[in-house]
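K.L.:
Curious how this folds, go ahead:
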Amino acid sequence: MKKYLIILIVFIVALPALLNAEEKTLFGDDFKSGFYGAPAVKITSVNSEIAVLLGGHGAWIVNKTFSLGMGGYWLAEDVGNLSMTYGGLELGYVLFPDRLLHPAFTALLATGNASLGSSNDVFFAIEPNVNLEVNVTTWFKANIGISYRFVLGVDGLTGINNRDLGGPAVGIILKFGFF
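P.N.:
Purely as a prediction, here's the structure:
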């Protein structure tokens, strides 16, 4: 019995030292994460006409560098009788995030819907973006950039094809959050 009592006392005395040991983690002590929400506007061409896309983004950001989130856009005003929306998963990477002005890259992998009169069609879009980002405050970043919308699968709208819904764009994104 004395043997068990001595073991118990040694364990109780050693327990604080064991609990105070430095914890090892997969991401290390420097791991930081946050999130942001971002309204966006883009000027582009849809069906050979200048169009405005309105949209938004929301993402989880790790170490101010990698982001994983969702994004989407819709035509602010129908082009002719054509309307379009698309959205999906967005991946991002920021180079030199602590510098005042720095590059940021994203890729939107999306599904979309286009309507022409009473006809609808579903499509897939991939939209890589190259942005120049400025750290306005610790909670606000402004981006200006270019993108190209690659569209696949448009075949159910008379006179409309993938190239009519795809194309280059110039945009502004305003990120608000905890970086």
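K.L.:
what element comes up after the helix or strand bottoming out on mean pLDDT in the chain heading to the C-terminus?
P.N.:
Within the chain, no helix or strand scores below helix 2-19, which has a mean of 62 by mean pLDDT, DSSP states H and E. Using DSSP states H and E, the helix or strand that directly follows helix 2-19 along the chain is strand 33-46.
K.L.:
Quick check: which helices or strands does that following strand pack against?
P.N.:
Packed against strand 33-46, as judged by 3 or more C-beta pairs under 8 Å, 6 or more residues apart in numbering; DSSP states H and E, are the following elements: strand 49-62, strand 66-75, strand 140-152, strand 167-178. Any C-beta I mention is one placed from the backbone N, CA and C, and that applies to glycine too.
K.L.:
Turn the ones you listed into CSV, including distance to V134, mean pLDDT and mean neighbour count.
P.N.:
Formatted as CSV, those follow (distance: least, C-beta to C-beta, whole Å; pLDDT from 0 to 100; neighbours: other C-beta atoms under 10 Å):
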stretch, distance to V134, mean pLDDT, mean neighbour count
strand 49-62, 16, 97, 17
strand 66-75, 17, 98, 19
strand 140-152, 5, 98, 17
strand 167-178, 10, 98, 17
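K.L.:
Can you say which of those is nearest to N113?
P.N.:
Counting by C-beta to C-beta, N113 lies closest to strand 66-75 out of the helices and strands packed on strand 33-46; the figure is 9.5 Å.
K.L.:
Check which helices and strands the closest one is in contact with.
P.N.:
strand 33-46, strand 49-62, strand 82-94, strand 101-116.
K.L.:
Strand 140-152 and that one, what's the angle between them?
P.N.:
Angular relation of strand 66-75 and strand 140-152 on a 0 to 180 degree scale: 70 degrees, by axes from the mean of the first three to the mean of the last three C-alpha atoms, to 10 degrees.
K.L.:
what residues does strand 66-75 touch?
P.N.:
Applying C-beta atoms under 8 Å, 6 or more residues apart in numbering, the contact partners of strand 66-75 are 36, 40, 42, 46, 51-62, 82-94, 106, 108, 110.
K.L.:
same thing but at 7 Å, please
P.N.:
42, 46, 51, 53-61, 83-93, 108, 110 (C-beta atoms under 7 Å, 6 or more residues apart in numbering).
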